[in-house]
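1. Everything below, folded, please.
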Amino acid sequence: MRAIYTLTCILIALKNCLPANAVVDSFMASGESEYFSSQSAKTQLRFFVENKGDKTKTKSDAIASGGKVVHELDTVGKTVVEFGNLTDASHFSSLGYSGEMNGDTPRFLMARRKTSLQARGLQFNGQIVPTGIQMVFQNTMPNSSYYPSTTVHPICIIDSGVAPHPDLQDASVAAADSSTSYISNGCSHGTHVSGTIYADNNDVGVVGIFPGASIMSMKVFDGSSCSWTYSSDIIAAAEACVASGAKIVTMSLGGQVSSSTEEAAFSSLKDQGILVIAAAGNTGANQYLYPAAYSSVVSVAAVDDSYNLASFSTYNDQVDIAAPGVNVLSTVSASDGYYEYLSGTSMATPHVSGIAFLLWNKYPSCTSDQILEALLSTAKDLGASGTDNNFGAGFVQYWSAEKYLSSIC
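-> As a prediction, the model looks like this:
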């Protein structure tokens, strides 16, 4: 929630621009993203350009300089331009944009595949309720008649898309941006996150928090490794989610470099009544990762099945709440064996998002602030008494939050 620094380019000669791949190399070397063994080479230079004048001119100047416009971000009044080399970017800067350009920043998925448990190809005899799902429901699962039949407050998952899966068939999934596909053609990260939120209650495999619910999906990570994407892609995806009616945006992703543009974008969404939830990070250290560390975003830490803080869970004074994130069983693609245990604050985040999703659709007259208040005020206190840097308010609890909302909404 507090920015360490902003990746700003001093564009007289662009010498102070930190290349995205330098950030990626540092991040990969840290071991935070063990889920991925390789990265996609992205050599482009991307910049946020403030729209002080004619956007058409910005676009034509970028093209004339050898670049292109990637996004137009209405929530923050900026255009995102991309160049293949420093010379082209410098030429564009010289056209009067030097004081209006900030560098784009990399974002990564917050999952770790290294785990002592493996479920690839695991064949279930019936359906398993994953331990994490039992924990957030305080060991009392809702019966099938409890779930709302309609979705008034939709959720949008910004991730790597969703792979076809026999345990995700009852849900209605739509791309938040109709010009894109939500179908995963690479890694299974988004499919795993999705299963925690809405896997079917069908006597097969696993069950999610809100089985068969209608959801939106935005695919911003692609390829076999889903190694990284840009902050501007995340902002554009969030804008598309909200434009399509989403009231909850969930992101199991983050990065170590803050962005003033990204911070402004999520602050704008919060002002619109959107509940934005993100992974605290997997550094196992006292530091800030973004977007979770912005004040407008709910930051989720990870615990194991004994409510101990996960060794990898990033901690700081902006962590809001904790959820299961160690050896979480959920859905993955057919090529990954349909089901797999993964760990990370990536896995903790959909537990909180799914609980918020179900609560808000059980109590649709509530506001996003009331939903968040219910989650935080009824969380199971862990660690030091009261709110702390490791667990925030504590462990998310569905029925306690439900009781709280029943008295105010």
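2. From now on I want contacts and neighbour counts done on CA atoms only, so please keep to that.
-> Will do.
3. can you give me the helices in this structure?
-> Using DSSP state H, the helices of the chain run over 20-30, 55-64, 86-92, 131-136, 189-198, 231-243, 260-271, 345-362, 368-377, 398-406.
4. Ok, which of these comes nearest residue 163?
-> Among the helices of the chain, helix 189-198 comes nearest to residue 163, with 5.9 Å by Cα to Cα.
5. for the closest one, packing partners?
-> strand 155-159, strand 328-331, helix 345-362 (3 or more Cα pairs under 8 Å, 6 or more residues apart in numbering; DSSP states H and E).
6. Reformat the ones you listed into JSON lines and put mean neighbour count, distance to residue 290 and mean pLDDT next to each item.
-> Shown next, in JSON lines, are these (neighbours: other Cα atoms under 10 Å; distance: least, Cα to Cα, whole Å; pLDDT from 0 to 100):
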{"stretch": "strand 155-159", "mean neighbour count": "29", "distance to residue 290": "14", "mean pLDDT": "96"}
{"stretch": "strand 328-331", "mean neighbour count": "28", "distance to residue 290": "23", "mean pLDDT": "95"}
{"stretch": "helix 345-362", "mean neighbour count": "27", "distance to residue 290": "13", "mean pLDDT": "98"}
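7. Would you mind saying which of the helices of the chain lies nearest residue 170?
-> Nearest of those (Cα to Cα): helix 189-198, 9.1 Å.
8. got the helices of the chain as TSV, with distance to residue 384 columns?
-> Listed next are these as TSV, based on distance: least, Cα to Cα, whole Å:
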stretch	distance to residue 384
helix 20-30	28
helix 55-64	51
helix 86-92	49
helix 131-136	20
helix 189-198	28
helix 231-243	34
helix 260-271	29
helix 345-362	20
helix 368-377	15
helix 398-406	20
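9. looking at those helices, which is closest to residue 149?
-> The nearest among the helices of the chain, by Cα to Cα, is helix 345-362 at 9.3 Å.
10. circling back to that earlier point, mind putting the helices and strands packed on helix 189-198 into JSON lines with distance to residue 255?
-> Below are the helices and strands packed on helix 189-198 laid out as JSON lines (distance: least, Cα to Cα, whole Å):
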{"stretch": "strand 155-159", "distance to residue 255": "14"}
{"stretch": "strand 328-331", "distance to residue 255": "22"}
{"stretch": "helix 345-362", "distance to residue 255": "13"}
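11. Show me where the stretch 51-200 of the chain has its strands.
-> With DSSP state E, counting those that start in this stretch applied, the stretch 51-200 of the chain shows strands at 68-73, 78-83, 101-103, 106-109, 127-128, 155-159, 173-175, listed in chain order.
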